[in-house]
Structure formats: structure tokens, C-alpha cells
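Undergrad: just coords:
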């Protein structure tokens, strides 16, 4: 049906919306494709909806081409299936939880693995029924702490999720590759420039995971890629080769020095090069210890130390992936007061060990390596 422009439900805007940070968000709003209802929640107007339905059509055609069958599960989900998988707790504050008039717990679905599994379990009872691939195009809900970039990171969004049920590992591999190929065709048809990288599975679980990333200056993920080998991975999933251990033979005993006014790596390096230690010292020779506190969903906060060479920084996304489903925050002045063994600016591994604090180290910190680090005294 052709709608006359004079009748089209459309209003364009002269100015950028005040809450828009990225170009795509500004253009969608100014062109009359979407309108903001609440943080991370948008209405689709006629032009935007037509584009959205075209994207859905491409996705459905490619999913059907690999034998996928479309179903539609509810967005309002009971607690029990997610309690059984422990994700009612593991999802933490990202879930929209609610109760019905009888006090029963429900949630707005962030993802539907449990429901897909229960649906197949309820319908099939013989190995002869498999394999089968089911998918849906469904609205999802996640209580993002910081919704941004318009429809790119919202609290309500449309997702195609697909699940194969296979009898063997070989069948699983075949289904995985079929989906991978379908996604490549989808993004190619939509004109999206992408790169496929190794990723972490997160709360979704699984033994392997890949992401299709669209390169963007305003993107929130970072990936690494080797053009020679073809290796590519999200930084949080990069596998770092651990160097071989070095024999301890001949290493001198640790020695404590008085290093007044050296609470930072730079000041410590300056002191070391004035102290005539017999070699030139750089930040890479120092071991700085970053303190955070972490907790599992519903649990108590616990201290965690992270030891890294002084010329490096902690990648928060990689740390988050390593600790999931636990969350972490930097410790505060109150935490220092409550744990007097933490000498601010001079924290070392010995006090952490003596006080039973979990300690994670950079892969370069292996047996036999020597470091200048804190002696746990101001």
C-alpha cells in the first residue's frame, strides 16, 4: 500500500534530541523513525517500523533456509525455570522482576534458553525426533544500568534467538556452522561491515562463543586481530600464553627498602633509579597491586587483589568476564580503614596472603620472575 506523504504519520525535527549521544540515535529521532518513551524504551513510528520489518524479513528468510522453524514464546516468564538454572540469581539487577496478584514471582524475559529447552522437552520424547532447530523474533527486557545510543542499548529490544537440539557433538558442530553461515548472509544482505571474533559466553553459558562485531567509533567493545594468523577475539576473551616458569636457583632473597613518598609507579621508578640497584629500572620491573571487592549475586563483598606489571592497566571488561557472575567495584577509603593491613600505595602480595585475600595475577607474573612491589608498610 502506498501512503501519500501528506497523510504519512511523520514529523521531522530540526534539532538533535538532548539525550542523544551518537549520530545514529540523533538521525533516527530527527528523521521521525523512533521516539523515546523512557530511558532505553522507544516507540517505532511508520518509517522506522517499515525498516525494522524489512530487517526481520531478511533474518527469517535466512533462518528458514537452514531449516529453522519459528515459534513465539511469552515475554512474561515464571520464576521456576530460571531458579532451576540459577539465573534468577545470577542475572542480578539486570532482571525486571515482578509479582502477580497472588504473590507469585515473574520476570520480563532477558533471554529464553530455559523456555526453549522446556518446550522441546514437553513435545518430544524420542531420539528419532531430533535434530530440530527453533527460533523466535521476540521482545527482550534487561534493566540496563546505563541505557545509551538509542535503540542500540535499550531496556526493551527486539531479538532473534535460535536454538538447535542435536544428538551428537558432530550434529552440534553442523548446526553451529549453519547458523554462522546464516548470520554471514544476513549481515551481507543488510550491508553491515562485520568481523567475527572469539568471545565469552557469559551468563548464557556454553563451551564456545563467537561474536559478529560491527566496527564503530562509538562502540563499547574492543577486539584484537592478527592479520597474519587470522586470530581475532574480543579483549575479554583473548587467550594469553603464559610464559614458562624460571628456576629459582640463584635468586637473591627479597629485600625491604625504605622508599618514602613513592605511592605511585612513577615515583617508585624514580626512587629505584636513584638507589643504585645495579640496573636501570622501568615500570615494567614493578608489580602494582590493584584492590577491588567482588560479590556473587546475593552474596557478601570480598576483597580481591590484582597484580600486574607497573606499565600495564587492568582491563575492566576482561576482569568482569573472568569473575562472572560476580560483580566488582574498586575499594573505598572505608575499606582501607576496615582492613588496616592494606597500606595504601604500598600494597604487596605478602599481606594479601597472610590475610587470606584472593589474588589474581597477570600471566607474565610466573614462578621465578622478580619484581619491585609493595612491602605493606607506608
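TA: Received it, and whenever you're ready, just let me know what you need. As the structure is a computational prediction, the values presented were derived from the model and not from experiment.
Undergrad: Would you mind giving the domain segments of the protein?
TA: For the chain, automatic domain parsing gives the domain ranges 23-170, 265-373.
Undergrad: Which one, of those domains, ends up nearest to residue 177?
TA: domain 23-170 (9.6 Å; CB to CB). To be clear about C-beta, it is placed using only N, CA and C from the backbone, and glycine gets the same treatment.
Undergrad: what are the ranges of the helices in the stretch 251-378 of the chain?
TA: In the stretch 251-378 of the chain, the helices defined using DSSP state H, counting those that start in this stretch lie at 265-274, 316-323, 333-338, 349-354.
Undergrad: and of the ones you listed, who's closest to residue 195?
TA: Smallest distance to residue 195 across those (CB to CB): 17.2 Å, for helix 316-323.
Undergrad: pLDDT of that closest one, averaged?
TA: Averaging pLDDT along helix 316-323 gives 85.
Undergrad: So which bits of it are buried?
TA: 317-321, 323 (16 or more other CB atoms under 10 Å).
Undergrad: can you pull the buried residues of the strand or helix carrying residue 56?
TA: In this assignment (DSSP states H and E), residue 56 forms part of helix 46-65. Neighbour counts over helix 46-65 (16+ other CB under 10 Å) mark 47-48, 59-60, 62-63 as buried.
Undergrad: re earlier: take the domains of the chain and write them to JSON lines, including distance to residue 186.
TA: Listed next are those as JSON lines, based on distance: least, CB to CB, whole Å:
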{"stretch": "domain 23-170", "distance to residue 186": "5"}
{"stretch": "domain 265-373", "distance to residue 186": "26"}
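Undergrad: now for the buried residues of helix 316-323, which pair is the farthest apart?
TA: So for the buried residues of helix 316-323, where distance means CB to CB, the most widely separated pair is 317 and 323, at 11.1 Å.
Undergrad: so residue 18 sits in a helix?
TA: No. With DSSP: H, G, I helix; E, B strand; the rest coil as the criterion, residue 18 is coil rather than part of a helix.
Undergrad: So what's the residue count around it?
TA: Other residues near residue 18 come to 5 when the count uses other CB atoms under 10 Å.
Undergrad: repeat for the one 5 residues further on
TA: For residue 23, the neighbour count with other CB under 10 Å is 14.
Undergrad: pLDDT score assigned to it?
TA: pLDDT, read off for residue 23, is 91.
Undergrad: Mind putting the buried residues of helix 316-323 into JSON lines with distance to residue 136?
TA: Listed next are the buried residues of helix 316-323 as JSON lines, based on distance: CB to CB, whole Å:
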{"residue": "317", "distance to residue 136": "29"}
{"residue": "318", "distance to residue 136": "32"}
{"residue": "319", "distance to residue 136": "33"}
{"residue": "320", "distance to residue 136": "28"}
{"residue": "321", "distance to residue 136": "27"}
{"residue": "323", "distance to residue 136": "31"}
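Undergrad: and residue 282, what does it touch?
TA: Applying CB atoms under 8 Å, 6 or more residues apart in numbering, we find residue 282 in contact with 269, 311.
Undergrad: One more: residue 372?
TA: 268, 272, 281, 285-287.
Undergrad: quick one: which of the residues you listed is nearest residue 171?
TA: Checking those one by one against residue 171 (CB to CB), the nearest turns out to be residue 287, at 47.9 Å.
Undergrad: The closest one and residue 241, how far apart?
TA: Residue 287 sits 20 Å away from residue 241, going by CB to CB, to the nearest Å.
Undergrad: Tell me which of the domains of the chain lies nearest to residue 207.
TA: Nearest of these (CB to CB): domain 23-170, 10.0 Å.
Undergrad: for the closest one, how far is the first residue from the last?
TA: Chord length of domain 23-170, first to last residue, is 44 Å (CA to CA, to the nearest Å).
Undergrad: With stretch 231-251 instead?
TA: Stretch 231-251: ends 37 Å apart by CA to CA.
Undergrad: buried sites along stretch 126-136?
TA: For stretch 126-136, by 16+ other CB under 10 Å, it's 132-136.
Undergrad: ok, now stretch 173-187?
TA: Quick answer for stretch 173-187 (16+ other CB under 10 Å): 175, 178-179, 182-183, 186-187.
Undergrad: longest helix anywhere in the protein?
TA: helix 169-190 (DSSP state H).
Undergrad: residues making contact with that one?
TA: Contacts of helix 169-190 (CB under 8 Å, 6+ apart): 55, 58-59, 62-63, 65-67, 131, 133, 162, 164, 166, 194, 196, 208, 210, 212.
Undergrad: If we use 10 Å, what do you get?
TA: By CB atoms under 10 Å, 6 or more residues apart in numbering, the list of residues contacting helix 169-190 from outside reads 54-55, 58-68, 130-133, 135, 160, 162-166, 168, 192-194, 196, 207-208, 210, 212, 214.
Undergrad: okay, now residue 86: neighbour count?
TA: Neighbours around residue 86, by other CB under 10 Å: 12.
Undergrad: With residue 305 instead?
TA: Residue 305 has 22 neighbouring residues, counting by other CB under 10 Å.
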